[in-house]
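Novice: attaching a predicted model along with its sequence, questions to come.
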Amino acid sequence: DSGVTQTPKHLITATGQRVTLRCSPRSGDLSVYWYQQSLDQGLQFLIQYYNGEERAKGNILERFSAQQFPDLHSELNLSSLELGDSALYFCASSLGGGPSTDTQYFGPGTRLTVL
Amino acid sequence: AQTVTQSQPEMSVQEAETVTLSCTYDTSESDYYLFWYKQPPSRQMILVIRQEAYKQQNATENRFSVNFQKAAKSFSLKISDSQLGDAAMYFCALYRFGNQFYFGTGTSLTVIP
């Protein structure tokens, strides 16, 4: 158990819908990272927040948005869902602002299925 | 552009033997970091080893070590004394400071008892 929690574990929804994925980092960690893992795109970094502020941005679609709240939990919002958004979404947390010195601890992931 | 290539989709190794997983990358930056992550069937991503590009010495973590060839942009992972628990998907990743991660497509490692 990494100490990072993600809810829900599974999510099934329809095209065009909007969903919210939630992540609670390990106690004391200030950084949260979001990743998408799909069969055709592989593992992709989406976005990183550090202490409430956006720190780095990857291949995150405009239909997707994220935020980190004062209690440091983070939410990833996915809207206008398409079939291709079906994937495993991981959250990771680390103590500081960069993975160069910090170990990232990954959550178990949220499996999103868009029908 | 930064890309990471893992040319071995699948590898196998006998238990207690040594195996090397290959990774090449492309970046124009001089300051970056390289990682190997392990993803077992549980899907939990686990950091195996980390290498700073400015360090010439190869990183080592117990049975895991890397061969970092900066000029060749190569970053291979060597697993010694392979164990059944090493069976997993292994991902090579590149991180440019202040930017983002780039992952390879992964190598599936099977450990044969």
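Specialist: Cool, got the structure.
Novice: how about A:D71, what does it touch?
Specialist: A:D71 is in contact with no residue at all, counting by CB atoms under 8 Å, 6 or more residues apart in numbering or on different chains. Using the backbone N, CA and C atoms, a C-beta is placed for each residue, glycine as well.
Novice: what residue is smack in the middle of the chain?
Specialist: With no chain named, the answer covers chain A. Residue closest to the mean C-alpha point of chain A, counted by CA atoms, centre = their mean, is A:W34 at 3.0 Å.
Novice: correction: the question concerned chain B.
Specialist: With distances taken as CA atoms, centre = their mean, B:W36 lies nearest the centre of chain B, 3.4 Å away.
Novice: can you tell me the element it falls in?
Specialist: Secondary structure assigned from DSSP states H and E places B:W36 in strand B:33-39.
Novice: that strand pairs with which strands, and in what direction?
Specialist: Each strand that strand B:33-39 pairs with, and the sense of that pairing, follows from DSSP bridges: strand B:46-52 (antiparallel), strand B:88-95 (antiparallel).
Novice: pLDDT-wise, which helix or strand of chain B ranks last?
Specialist: Lowest by mean pLDDT, DSSP states H and E among the helices and strands of chain B is strand B:101-103, with a mean of 88.
Novice: related to what we said a few turns ago, I figured the residue nearest to the centre of chain B was touching B:D86, is that so?
Specialist: No - using CB atoms under 8 Å, B:W36 is not in contact with B:D86, being 11.8 Å away.
Novice: quick one on the thing from earlier: partners of the least confident helix or strand of chain B in the sheet?
Specialist: Checking strand B:101-103 against DSSP bridges gives partners strand B:88-95 (antiparallel).
Novice: so what's the gap between the strand it pairs with and the chain middle?
Specialist: Averaged C-alpha coordinates place strand B:88-95 at 5 Å from its chain's average position (CA atoms, centre = their mean, to the nearest Å).
Novice: same thing with stretch B:8-19?
Specialist: 14 Å.
Novice: quick check, that stretch touching chain A?
Specialist: No - for stretch B:8-19 and chain A, the contact criterion (CB under 8 Å from any CB of the partner chain) is not met; the two come no nearer than 11.6 Å.
Novice: what about that stretch, start to end distance?
Specialist: Looking at stretch B:8-19, the gap from its leading to its trailing residue is 12 Å under the measure CA to CA, to the nearest Å.
Novice: sorry, back to before: gap between the residue nearest to the centre of chain B and A:R63?
Specialist: Between B:W36 and A:R63 the distance, using CB to CB, to the nearest Å, works out to 32 Å.
Novice: would you state the helices of chain B in chain order?
Specialist: With helices called from DSSP state H, chain B shows none.
Novice: show me the strands in it, by range?
Specialist: Along chain B, counting by DSSP state E, strands occupy B:3-5, B:10-14, B:19-21, B:24-26, B:33-39, B:46-52, B:60-61, B:64-69, B:74-79, B:88-95, B:101-103, B:107-112.
Novice: thanks a lot, catch you later.
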